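Peer 1: Predicted model and sequence below, questions to follow.
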Amino acid sequence: MDSQTSKVTGPRAGFAALGLALCSLGSASVLAQTPARTIEIVVESDRAAMETRARQLNLQAGELARQRRFAEAVPLAREALGLSEQLHGKVHPNIAADLFTLASLYRAQGDLFNAEPLIQRAIGIDRQLYGQRHPEVGADLIVLGQLQQGRGDAAGAERTYRESIAMLGAPGAPASYQLQLAQAHYVLGMLLRNQRRPADAHAEFAAAVPVLEREAPAMAVEALLIMAEFERTNGRQARAEALLDRANQLRSR
């Protein structure tokens, strides 16, 4: 769930720390005599140290995750999130990124109960930052859909994936989101295939493959093989062979 943060955050934390240090010296008059510029330097120094610590924690959490030591990575990611909240408040791109990091660690352990609220909060932040239907929100929704699918809410996941596709594929959406759009089609295709809706799944894979062939070949191969099987099952052997050839070409790269 959300990290608990101190009541004294950001610049206030710096002033509080400075005040305690001065009191410990027994010099009540020192604070009044300290130039404002000196206090600002102390506060900025604190912020820089916190930012460095947050980056280090995220790097350490990432390394542990690569070693599949997810339970050990979670406290580090939570601490990084807490520091980001102290530095940036409640709405900031860094906080959304940290929420996704922490959620991914819970998800890797199969803990969808703790992962989903973090994703929902991150999506809320991105809606405030970028707009309700910005492609960045559409990319976020892919992760939410996967969580919904993981806990058995297939209907909710399908709605979420389709909403994601609508945002990522909207007229004027930046080309930089084409991979995420292809991924959204792919995961929706997989969901529909699992629901025994092969024709609907085929259409989603067909939309995804052109970009996946270039950007994510392994996903493209899997989609092409499924599409080839659909064509073969429906008596279109020539189409099936063409799709298999494309898959084999990708494998040989």
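Peer 2: Sure thing, it's come through.
Peer 1: L129 against V91, yeah?
Peer 2: Yes - with contact defined as CB atoms under 8 Å, L129 counts as touching V91 (6.7 Å). No exception for glycine: its C-beta is placed from N, CA and C like everyone else's.
Peer 1: What is the burial count for I142?
Peer 2: I142 has 20 neighbouring residues, counting by other CB atoms under 10 Å.
Peer 1: So which bits of the strand or helix carrying T52 are buried?
Peer 2: Using DSSP states H and E, T52 maps to helix 36-66. Buried residues in helix 36-66, counted by 16 or more other CB atoms under 10 Å: 39, 42-43, 46-47, 50, 54, 57-58, 60-62, 64-65.
Peer 1: Next: stretch 205-224.
Peer 2: By neighbour count with 16+ other CB under 10 Å, stretch 205-224 contains the buried residues 205-209, 211-213, 216, 219-224.
Peer 1: would you list every one of the helices in the stretch 51-200 of the chain?
Peer 2: 70-88, 93-108, 112-130, 135-150, 154-168, 178-194, 198-215 (DSSP state H, counting those that start in this stretch).
Peer 1: how about a markdown table for those, with distance to Q249 and mean pLDDT added?
Peer 2: Formatted as a markdown table, the helices of the stretch 51-200 of the chain follow (distance: least, CB to CB, whole Å; pLDDT from 0 to 100):
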| stretch | distance to Q249 | mean pLDDT |
| --- | --- | --- |
| helix 70-88 | 36 | 95 |
| helix 93-108 | 32 | 95 |
| helix 112-130 | 36 | 97 |
| helix 135-150 | 27 | 96 |
| helix 154-168 | 27 | 98 |
| helix 178-194 | 18 | 98 |
| helix 198-215 | 9 | 98 |
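Peer 1: right, and E116 touches Q146 too?
Peer 2: No - the criterion here is CB under 8 Å, and E116 misses it with Q146 at 10.3 Å.
Peer 1: check contacts around G235.
Peer 2: For G235, no contacting residues are found, by CB atoms under 8 Å, 6 or more residues apart in numbering.
Peer 1: For V74, see how far away the closest residue in space to L76 that isn't next to it in sequence is.
Peer 2: In space, L76 comes closest to A61 once its chain neighbours are excluded; the distance is 4.2 Å by CB to CB, 6 or more residues apart in numbering. Separation of A61 from V74 (CB to CB, to the nearest Å) stands at 8 Å.
Peer 1: Name the residues contacting each of these two.
Peer 2: Common contact partners of A61 and V74 (CB under 8 Å, 6+ apart): L105.
Peer 1: thinking again about what came up before, could you dump the helices of the stretch 51-200 of the chain to CSV with distance to A228?
Peer 2: Below are the helices of the stretch 51-200 of the chain laid out as CSV (distance: least, CB to CB, whole Å):
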stretch, distance to A228
helix 70-88, 36
helix 93-108, 31
helix 112-130, 33
helix 135-150, 24
helix 154-168, 23
helix 178-194, 13
helix 198-215, 10
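Peer 1: looking at those helices, which is closest to T233?
Peer 2: T233 lies closest to helix 198-215 among the helices of the stretch 51-200 of the chain, at 7.5 Å (CB to CB).
Peer 1: Give the other helices and strands that that closest one contacts.
Peer 2: helix 178-194, helix 217-233 (3 or more CB pairs under 8 Å, 6 or more residues apart in numbering; DSSP states H and E).
Peer 1: No further queries at this time; thank you.
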